[in-house]
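*Asks:* the sequence and its predicted three-dimensional model are supplied below.
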Amino acid sequence: MSEDKRFREETVKLEHTKTSIREQIAGIGPRYTGNDYTEQTLDAIRQERKLRLTTSEKEPYFGRLDFREEGKSEPLPLYIGKSGVGEENGHRLLVVDWRAPVSSLFYAFSGGNPEVAYDSPEGAVSGTVHLKRNLLVREGELQRVVDSYAEGGEQGGSAGDEFLLHKLGESKDNKLRDIVSTIQQEQDAIIRTEKNKAVFIQGVAGSGKTTVALHRLAYLLYRYQDRVRADRMMILAPSQMFLNYISGVLPELGVGDIGQQTFEDWALEQIGEDLRLRDPAEELARWFEGDASAGSRADAPAKRKGSLAFLAEIDEAIEELARTMVPEEPFTPDDRRMLTAEQVRAWFAEENPLDPIMKKRERVLNRIKRWMEIELGKAKWSDAEVRKKANARWKAYAGKLPLHTASSFYKAGGWHTDDGRGEARGAKQAGAASKAKSKGKAAAVFAREDLAALVHIHLKLLGPAAPAYDHIVIDEAQDYSPAQLQVLRQHQRITSMTVLGDLQQGIHDYAGITDWEELRRLFPGEETSYYELDRSYRSTLEIIEFANRILKGMGGGVKPARPVFRSGQPVEVERTAQAPDTAAIAAIVEGWRQEPELQSIAVLGRTAAACARIYSELTARGIRSSLLEAKHQNYEGGITVAPVYLSKGLEFDAVLIPDADAADYKPEDAKLLYVGCTRALHRLKLLYAHSPTPLIAQPDPESEEAAR
Ligand SMILES: Nc1ncnc2c1ncn2[C@@H]1O[C@H](COP(=O)(O)OP(=O)(O)OP(=O)(O)O)[C@@H](O)[C@H]1O
């Protein structure tokens, strides 16, 4: 079929679909404004449907698959979109939801043998693919029609790539986008992995890990509607800024209400105390701007406090607390009555051993009080004096049973090391901190590495602060410790997690892992799946090859990224007069700003101080930019100046590394430079003043060939 004919055919189909959608919207009728609760609920459902249909009308679908199910005579054209749309009062689907079982064929089939099968809840369904077509519809207008497979046509699979390349070539603003129309086979397999597992994803920079994890949430909500709830899912990401950056994807997929937090905020919420945390900026400066050696990183306190051995040490202390909770001496409300220590101990033991210890303590004390009241009643003690005395004795006895919060227990255990530097977190904490200060007593300051243990203690002493999670996504998981993952696990009844990261970007190695086994061994074998993504979709071929060369400097089993064949301009490395040469930087940024396809530009400096200098030079020259700092909540797009270590997870059309000198990037900084370079989609440039970092050695044609 000629291209024109295909386009006409699809234009007719699109008009038909839009008309049907419009009729359905019109049929929904006016809003209900009365007081009847049932009617109000029905109205809300109708409005939700209207919203979905209105969104669908603009872009009803992005793909078509003609599939003949075994036993049927004709293939059925299936139009695949972000959400399913039925025919008004009909039994047929106008649009099939991308998450439906049959849609997996659209993603999994990439030419070759057209005899295929997919898994449905009723079992495997086999059949034949006759056509796979990509369609680009924007604002209700058909813009592109590309067949990646047509029965009897020329095969080669390149047409599908063409559609993907078109998508990848687009410029980016300040938000991550959904990829439903171009999900790749290896990504789809991860998205559709069954629910009750910990799915580990090791993926090179730009392989779509974050994006895939978010699509997986949308899939789980669709596939397990009766078993998972959005408000019982949680996404953990490294910073508020990153969360803000990814916040658009789920609403684009029609999913809302999923909690998104940093581990720190989540942990503080669980602990529920007025704790102060060390200033993140100071902590980052310590590891990235000072001269922390490899030795000090490997030996950092976070390593010990993030280990399971540390949690085991705490568990021992908690057991000891439970064992010694009941005082040796008996309880004597008056001089004639006595409750022996053995009796109280027996009552304490009768409580469920899995119950939080402080709850058991409270229950035992209440039981003692009840006993005391009965005894008082028996003796018909009417004497108020005697009663008062008995109550005072009960109080004194209660005081002998240790009462702890997570932080007091942690401090009592001698695990807390307070260096006095800290910032109050949240309004509540800030209030408490200033109150404490005015009383001449500053609230204790904790480090991030204390949080996992504190949550663990809180759980054992006081129980969970939130209902169990149905699913947890952990992004940048290479920066997590086994203890962090363990406490998250304790907040699920059934393991269901997506844990993603890249060891090659593990710049926080002073706190995180060096091998996925460290985390995987927390789960018995059958509960985990492990996937590797080695294809990078973000950057051009030239940028990926350049970044792969930096990886080589890391040594030890690194895996180069495989580029999608999207060629762009060569990576430039240029010498400047000084480091950083703010005038040269401003000139480059100014030049890039004139190119309409470069919407987001980043200057990624080695230190916060260098970035501040660059930022003021840009401002002085009238170039509007934003300077990213550790405490920032938002990434605004446009021109950004940021320390390279804060750029993790983000992406920009063009990236300038202004200080790629040997003095700034030593061989042990390979991961940091790799992170910086892999943020670029289309353009990458590095400047140096004296001698370039050895990490950007000359190309090695052999390894380049192997990576392709
Ligand atoms: N199948 C795909 N189709 C189109 N774009 C894709 C696809 N997969 C990934 N991308 C794009 O590649 C870029 C990188 O994706 P994402 O940020 O999810 O990767 P990542 O593996 O989490 O990266 P990093 O580890 O570097 O932060 C995004 O712009 C995303 O939209």
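*Replies:* Everything's here; your move.

*Asks:* what residues does the chain have near the ligand?
*Replies:* 164, 167-168, 177, 179, 182-184, 187, 203, 205-211, 502, 505, 537-538, 649, 651, 678 (CB under 6 Å from any ligand atom). Heads up, the C-betas are built off the backbone N, CA and C, glycines and all.

*Asks:* what's the ChimeraX line that selects buried ones from those?
*Replies:* With 16 or more other CB atoms under 10 Å as the criterion, this ChimeraX line picks the buried residues out of these:
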select :164,168,179,182,183,184,187,203,205,206,207,208,209,210,211,502,505,537,538,649,651,678
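
*Asks:* and the residues of the chain next to the ligand, which of them are in helices?
*Replies:* Per DSSP state H, helices hold the following members of the residues of the chain next to the ligand: 164, 167, 168, 187, 209, 210, 211.

*Asks:* wait, isn't the fifth one in contact with residue 191?
*Replies:* No: between residue 209 and residue 191 there is no contact under CB atoms under 8 Å: 11.6 Å.

*Asks:* element containing residue 46?
*Replies:* Per DSSP states H and E: residue 46 is located in helix 37-58.

*Asks:* touching the helix or strand following that helix from outside, list them.
*Replies:* Using DSSP H and E, the helix or strand that directly follows helix 37-58 along the chain is strand 63-69. Here strand 63-69 makes contact (CB atoms under 8 Å, 6 or more residues apart in numbering) with 10, 74-80, 102-103, 105-106, 109, 125-135, 181.

*Asks:* pLDDT on strand 63-69, on average?
*Replies:* For strand 63-69, mean pLDDT rounds to 95.

*Asks:* now swap in stretch 194-204 and tell me
*Replies:* According to the model, stretch 194-204 has a mean pLDDT of 93.

*Asks:* end to end on that stretch, go ahead and measure it.
*Replies:* Stretch 194-204 has its terminal residues 23 Å apart, counting by CA to CA, to the nearest Å.

*Asks:* buried residues, it. List them.
*Replies:* 195, 197, 198, 199, 200, 201, 202, 203, 204.

*Asks:* where do the helices sit along the stretch 51-200 of the chain?
*Replies:* Assigned by DSSP state H, counting those that start in this stretch, the helices in the stretch 51-200 of the chain fall at 104-108, 158-168, 185-191.

*Asks:* and those helices as TSV, adding mean pLDDT?
*Replies:* Below are these laid out as TSV (pLDDT from 0 to 100):
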stretch	mean pLDDT
helix 104-108	93
helix 158-168	76
helix 185-191	95
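
*Asks:* okay, the ones you listed, which one's buried deepest?
*Replies:* Counting by mean count of other CB atoms under 10 Å, helix 104-108 has the highest mean neighbour count of the helices of the stretch 51-200 of the chain, with a mean of 21.

*Asks:* contacts for it next, please.
*Replies:* 63, 65, 67, 78, 80, 98, 116, 118-119, 129, 132, 183-185, 187-189, 192.

*Asks:* rerun that using 6 Å as the cut-off
*Replies:* Outside helix 104-108, the residues that touch it by CB atoms under 6 Å, 6 or more residues apart in numbering are 63, 65, 80, 116, 118, 183, 185, 188.

*Asks:* tell me which of the residues you listed is nearest to residue 368?
*Replies:* Set against residue 368, the nearest of these by CB to CB is residue 188 (60.4 Å).

*Asks:* ok, residue 506 - contacts?
*Replies:* With CB under 6 Å, 6+ apart, residue 506 has these contacts: 478, 512.

*Asks:* if I look at the closest residue to the ligand within the stretch 251-400 of the chain, how far off is residue 112?
*Replies:* For the stretch 251-400 of the chain and the ligand, the shortest gap (CB to the nearest ligand atom) falls at residue 252, measuring 11.3 Å. Residue 252 sits at a distance of 31 Å from residue 112 (criterion: CB to CB, to the nearest Å).
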